[in-house]
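Trainee: Pasting a predicted model and its sequence here:
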Amino acid sequence: MALLCGICRAEQPSQAAVAGFNTYVGSFEARLAEQHRQNTGFVILTGSAAQTEARLRGGELIVENLTPAKNNLPGAILYHWRCTAFLPGATATDFERLMRDFAAYPRIYAPQVVSAKVLSQNGDRYQATMRVKQTHVITVVMDTTYDIRFVRLDARRGWSISRSTHIDEIDNAGKKNERVLSSADQHGFLWRLNTYWTFEERDGGLYMQIESVSLTRSIPTGLGWVIGPFVESVPRESLEFTLRATRYALRR
């Protein structure tokens, strides 16, 4: 496994891949801003709104793959997932308090979040760093830094945006010989990650929706059995895990 990973280093994404990611994110964030200006449809519910609300209030977690069909960034793959849940009795204030408590992330989101801390804060804007661990066939540990913004529109509704600003892959994490892999040695399992929360308190509880847009390396020919399960499965599984863990923490 180590030998296989050693020959599939990806260095950093090409300028064309980053430009494509930024263009997609810009278009998506413009649509999201328009969504957040609406009195109805603040949380997107696909299909029949009444039926979807009933499913959510019944405890179902709805996961949607929004990845564009034309996803041909050079040497890279863009993923876009959305996940929605409802929690009876929870409030918008409960949710925002939880999201701002970065010190509690390693407990709430274990084992994926190993550590977290705030680097700086200016009102509703934060810079935070987290060490995250993902396991799917292989285990990858990364140190990630984010710019995060929280917005409360009123007592019932709000949203947040988290944009990655730096991602390092860690070798031998937690051991004496732990080191940050150089840009030439990193494997490109995650190059960019933006996370978007939308939350609305109504119907006796809280609707929570999380979306992620990520950029990862493309899958090398012949190594799909190693790399494929990680880059294809982790974006969805991580998003679903985050929402389930958030709902559980709020319930407690």
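Mentor: It's in.
Trainee: Only C-alpha atoms from now on, for both contacts and neighbour counts.
Mentor: Noted.
Trainee: Now do the same for the residue nearest to T52 when sequence neighbours are not counted: its pLDDT.
Mentor: Nearest residue to T52, sequence neighbours excluded (CA to CA, 6 or more residues apart in numbering): L45, at 6.4 Å. The model reports L45 with a pLDDT of 91.
Trainee: do the same with T139
Mentor: The score at T139 is 85. That number is its pLDDT.
Trainee: Now do it: how many residues are near it, please.
Mentor: Using other CA atoms under 10 Å, T139 has 9 other residues around it.
Trainee: And the helix or strand encompassing P106, what does it pack against?
Mentor: Assessed by DSSP states H and E, P106 sits inside helix 105-108. Applying 3 or more CA pairs under 8 Å, 6 or more residues apart in numbering; DSSP states H and E, we find helix 105-108 packed against strand 113-122, helix 224-251.
Trainee: now the longest one against strand 113-122, angle please.
Mentor: Interaxial angle of helix 224-251 relative to strand 113-122 (axes from the mean of the first three to the mean of the last three CA atoms, to 10 degrees): 60 degrees.
Trainee: Count the residues that sit near the residue nearest to T52.
Mentor: Look at L45: counted by other CA under 10 Å, it has 16 neighbours.
Trainee: That one: what secondary structure?
Mentor: Recorded secondary structure, L45: coil (DSSP: H, G, I helix; E, B strand; the rest coil).
Trainee: now A33
Mentor: What three-state DSSP gives for A33 is helix.
Trainee: That one and F95: what is the separation?
Mentor: A33 is 20 Å from F95, where distance means CA to CA, to the nearest Å.
Trainee: sorry, back to before: what does the helix holding P106 rub up against?
Mentor: Applying CA atoms under 8 Å, 6 or more residues apart in numbering, the set of residues contacting helix 105-108 from outside is 112-116, 245-246, 249.
Trainee: roughly how far is it from the heart of the chain?
Mentor: Between the mean C-alpha location of helix 105-108 and the chain-wide mean there is a distance of 15 Å, by CA atoms, centre = their mean, to the nearest Å.
Trainee: Many thanks, we can stop here.
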